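1. Got a sequence here, can you model it:
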Amino acid sequence: MLAMASAAVLVSCATAQTGAEANAAGAAGWERVVYGIEVVDEAGDPLDHPFLGGFNLPRPQLADADGDGDLDLFVQEHSDRVMYFRNVAEGGGAEYRWITDTYEGLSVGEWFRFVDVDLDGDLDLLAEEPFSYIRYYRNDGGSGPASYVLATDTIKDVDGEAVFSDRQNIPNAADIDCDGYLDLLIGRLTGTITRYEAETVDENGVPRFEHITDSFEDIEIVGAMQGSLHGANTMALQDFDQDGDHDLFWGDFFEPGLLLIENTGTCQRPVLRGTPRPWPLGDPVATSGYNAPALGDVDRDGDMDLVMGVLGGAFNPNRTSVENLYQFEQGGAGDFGVATTRLIRTVDVGAESHPAFSDLDGDGDLDLLLSNKIETDNTRTGRIYVFENTGSATAPAFAARGPVPGLPDAYHFAPAFGDLDGDGDDDVILGQWGDAVAYYRNDRDAGGGSGNSGAMPQWTLVDSAAATLTRGRNTTPALGDLDGDGDLDLLLGESSGALNYYRNDGGPRAPAFELVSDEFQDIDAGRRSIPFLFDRDGDGDLDLALGSEGSGVRIYLNEGSRSEPVFVETEPFPLPVPNFAAPSFVDLDGDGDLDLVSGGIGGGLTVYLRGGGG
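-> Below is the predicted model of the structure:
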């Protein structure tokens, strides 16, 4: 997760997709896999959504989307998209199952809030209209499954002026004084709250709001750090103590936990003038800050529970880039405890993950290595994590085995595998945040790992600067025989988006990489080029996949030859991948074609299996 400044930007409706529909959507022949391939953590516990991609900015909400009487979970991780997890639990409790990344195709900008805007008993939706206005979707589903229709793209006041809400702040709304009119509360960067109240409705039934005050209940949130700072904020309004009125929860960029302002008045005469108190009251939560709460009776025991996303504020966001989706359950009255810090469990190594595959233990199937930008518990380095394939070449299953030992401190590790010394096993070229790549030789016998579950190669550092960039940083290597002479050459991506080509002049047993071009074929990814070499079209020569910071995965077919490649860009890869996409095309399921496994900004993995017709 990347640190954010306090004023930083978080950077027609369809039917909600079922899991099968969501998997099948997009280009023919590709299937999105979120669950179905088993992955277990180091304790042997299964991850319920292993290939969801990871969370860095989870903004949760709770609502009964399918009309079955329990609360489903919605999470915004990316701009303009809402993920939907259906609650499939029988009886009490909750068991969430991912259905789609784009719930009803709703466009929500940088935030969304379920609110009964028209006070008809079902939950409508407020969201950001770029930039910093408020969009309103009316729920026409009644008591059945929700059905959202865009009522207006900009909420306005009684004078016809657009209501402004800074896009890094997440407002909320409720009939806070029980007078039958919706109150809209907007947190400001000054730590104060602006209040509007619905006064009239226009010809389309959309409320028009009257500005009431810029200092609701004289609330002024003072940040915990340095005593006077305010920042990006989130609000939740709910009767958490079930005394008949709305209480206020506040998360702030400069507040490590959540603040509760209890309503000590009544529904008709709200009083929220007490000192904001860290919550839970007996044992306050402390994270990296900028926490986004959502309340509801998750376990259906008659009292309020709370789900909280950690967006990362002023207290080292890197440390909460994995444990950042909390659920608190209420035991006794007002007694809240942490049920989990990872409500949706997915492969997640922090931020900017980079996958690579090799048969590490010599048992004939592909194991997974997954690197990150920086560790959550050690700001001096990143790590590479091992996931052993405990299944088979045709039915993979992965078990977390911890980090690769013995690597020096560095950020943005990026491994590429290939047999560089001609002994039949995979050696490693290792990229990192600096300007050089290192060469590690695999000194374990080529077949010595067969049947030795969990065995790791014996990597020996041969050269800490096997190739060095002429400029820039963030080396991301790819190995392949680009000149057709029988040894592995090297492509290096970098922060500028260019590609660097190093020819191997040392041969298949003693690599020596010589720079040919630091602007190879004028290919430019924009920023953060991440190359991968593979035969995309099955014609016997190497093609190129190129990941980047924000342009997805681009495919370049080799229209030259095996010895003189000419890479020509085709259409971009047709299915969505995360920003900072780090593509790896491998035959994950052993069916003879190449599947896509991509790392990305969220620290996890996005997987597409390729089948017939792809």
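
2. I figured residue 361 hits residue 386, correct?
-> No. Assessed by C-beta atoms under 8 Å, residue 361 is found out of contact with residue 386, at 9.7 Å. For every residue, glycine as well, the C-beta is placed using N, CA and C.

3. So which of these two has more stuff around it?
-> Shown here are residue 361 and residue 386; by other C-beta atoms under 10 Å, residue 361 has more neighbours (24 against 20).

4. still on that earlier bit, what sits in contact with each of residue 361 and residue 386?
-> 367, 456 (C-beta atoms under 8 Å, 6 or more residues apart in numbering).

5. tally of neighbours for the closest residue to residue 566 other than its chain neighbours?
-> Excluding its sequence neighbours, the residue lying closest to residue 566 (C-beta to C-beta, 6 or more residues apart in numbering) is residue 560, at 3.3 Å. Residue 560 has 13 neighbouring residues, counting by other C-beta under 10 Å.

6. any idea which element residue 560 lies in?
-> Taking DSSP states H and E as the criterion, residue 560 maps to no regular element, lying outside all helices and strands.

7. what residues are up against it?
-> By C-beta under 8 Å, 6+ apart, the neighbours of residue 560 are 541, 566, 567.

8. and of those residues, the nearest to residue 520?
-> In terms of C-beta to C-beta, no member of the contacts of residue 560 lies closer to residue 520 than residue 567, at 8.4 Å.

9. for that closest one, what are its contacts?
-> Counting by C-beta under 8 Å, 6+ apart, residue 567 touches 521, 523, 543, 544, 556, 557, 558, 559, 560.

10. And residue 238, by the same measure?
-> Neighbouring residues of residue 238 by C-beta under 8 Å, 6+ apart: 246, 247, 249, 295, 296, 304.

11. And residue 50, by the same measure?
-> Residues near residue 50 by C-beta under 8 Å, 6+ apart: 34, 35, 37, 38, 39, 346, 347, 398, 605.

12. And it, how far from residue 475?
-> Per C-beta to C-beta, to the nearest Å, residue 50 is found 28 Å from residue 475.

13. Distance check, residue 474 against residue 580.
-> According to C-beta to C-beta, residue 474 and residue 580 sit 10 Å apart.

14. Identify the contacts common to these two.
-> Common neighbours of residue 474 and residue 580 are listed as residue 528 (criterion: C-beta under 8 Å, 6+ apart).

15. picking up where we left off before, going through the contacts of residue 567, which ones are buried?
-> In terms of neighbour count (16 or more other C-beta atoms under 10 Å), the buried residues within the contacts of residue 567 are 523, 543, 544, 556, 557, 558.

16. Read off the pLDDT value for the fifth one.
-> Translated: residue 557. Here the pLDDT value assigned to residue 557 is 97.

17. Any stretches of the stretch 151-300 of the chain with poor pLDDT?
-> 223-229 (pLDDT under 70).

18. which residues of it fall in helices?
-> In the stretch 151-300 of the chain, no helices are defined using DSSP state H, counting those that start in this stretch.

19. Flag the shaky bits of the stretch 1-150 of the chain, pLDDT-wise.
-> Residues of the stretch 1-150 of the chain meeting the criterion pLDDT under 70: 1-27.

20. if you set the cut-off to 90 instead, what comes out?
-> The stretch 1-150 of the chain contains residues with pLDDT under 90 at 1-29, 90-93, 142-144.

21. cool, and the stretch 351-500 of the chain?
-> In the stretch 351-500 of the chain, residues with pLDDT under 90: 444-458.

22. Go again with 50.
-> Scanning the stretch 351-500 of the chain with the threshold set as pLDDT under 50 gives 446-453.

23. could you pull out the helices for it?
-> Going by DSSP H, counting those that start in this stretch, the stretch 351-500 of the chain shows no helices.

24. Only the buried residues of stretch 368-377, if you could.
-> Neighbour counts over stretch 368-377 (16+ other C-beta under 10 Å) mark 368, 369, 370, 371, 372, 373, 374, 375, 376 as buried.

25. Kindly apply the preceding question to stretch 101-121 instead.
-> 101-104, 106-115, 117-118.

26. swap in stretch 131-142?
-> Neighbour-count burial for stretch 131-142 [16+ other C-beta under 10 Å]: 132, 133, 134, 135, 136, 137, 138, 139, 141.

27. can I get these in a markdown table with secondary structure?
-> Formatted as a markdown table, the buried residues of stretch 131-142 follow (DSSP: H, G, I helix; E, B strand; the rest coil):
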| residue | secondary structure |
| --- | --- |
| 132 | coil |
| 133 | strand |
| 134 | strand |
| 135 | strand |
| 136 | strand |
| 137 | strand |
| 138 | strand |
| 139 | strand |
| 141 | coil |
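
28. Can I get these in TSV including distance to residue 502?
-> Below are the buried residues of stretch 131-142 laid out as TSV (distance: C-beta to C-beta, whole Å):
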residue	distance to residue 502
132	47
133	50
134	53
135	50
136	56
137	53
138	59
139	58
141	59
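
29. quick check, nearest of the residues you listed to residue 322?
-> residue 132 (30.4 Å).

30. could you list every residue that touches that closest one?
-> 164, 165, 166, 167.

31. isn't residue 540 right up against residue 562?
-> Yes. Using C-beta under 8 Å, residue 540 is in contact with residue 562, at 6.6 Å.

32. Looking at those two, which is more packed in?
-> Counted by other C-beta under 10 Å, residue 540 and residue 562 do not tie: residue 562 has more neighbours, with 15 against 9.

33. which residues touch the more buried one?
-> Contact analysis of residue 562 by C-beta under 8 Å, 6+ apart lists 481, 484, 540, 541, 542.

34. Going by distance to residue 331, which of the residues you listed wins?
-> For the contacts of residue 562, the residue nearest residue 331 by C-beta to C-beta is residue 542; the value is 59.6 Å.

35. Identify the bridge partners of residue 389.
-> Residue 389 has these beta-bridge partners by DSSP bridges: residue 398.

36. same check, this time on residue 492
-> Residues in a beta bridge with residue 492, per DSSP bridges, are residue 477, residue 500.

37. how about the strands of the stretch 1-150 of the chain, start to end?
-> Counting by DSSP state E, counting those that start in this stretch, the stretch 1-150 of the chain has strands at residues 30-33, 39-40, 59-63, 72-76, 83-87, 96-100, 112-115, 124-129, 133-139, 148-152.

38. ok, residue 402 - how many residues close by?
-> Residue 402: 11 neighbours (other C-beta under 10 Å).

39. who does the closest residue to residue 464 other than its chain neighbours bridge with?
-> Among residues not flanking residue 464 along the chain, residue 438 sits closest, at 4.8 Å (C-beta to C-beta, 6+ apart). Note on residue 438: beta-bridge partners by DSSP bridges are residue 430.

40. Tell me if I'm right that residue 438 and residue 460 touch.
-> No. Using C-beta under 8 Å, residue 438 makes no contact with residue 460, being 11.0 Å away.

41. Counting neighbours around each, name which of these two comes out higher.
-> The residue with more neighbours, out of residue 438 and residue 460, is residue 438; 25 against 13, by other C-beta under 10 Å.

42. now that one: how far from residue 465?
-> Applying C-beta to C-beta, the value for residue 438 to residue 465 is 7 Å.

43. Equivalent analysis for residue 434, please.
-> Residue 434 is 9 Å from residue 465, where distance means C-beta to C-beta.

44. Specify which residue of the two has the higher count of neighbours.
-> Using other C-beta under 10 Å, the more surrounded residue of residue 434 and residue 465 is residue 434, with 17 against 11.

45. show me what contacts the residue lying closest to the more buried one once chain neighbours are set aside?
-> Nearest residue to residue 434, sequence neighbours excluded (C-beta to C-beta, 6+ apart): residue 473, at 5.9 Å. Residue 473 makes contacts with 433, 434, 435, 494, 495, as judged by C-beta under 8 Å, 6+ apart.

46. out of the residues you listed, which is most surrounded?
-> If you rank the contacts of residue 473 by neighbour count (other C-beta under 10 Å), residue 494 sits at the top with 24 neighbours.

47. That one touches residue 468, doesn't it?
-> No. Using C-beta under 8 Å, residue 494 is not in contact with residue 468; the gap is 11.1 Å.
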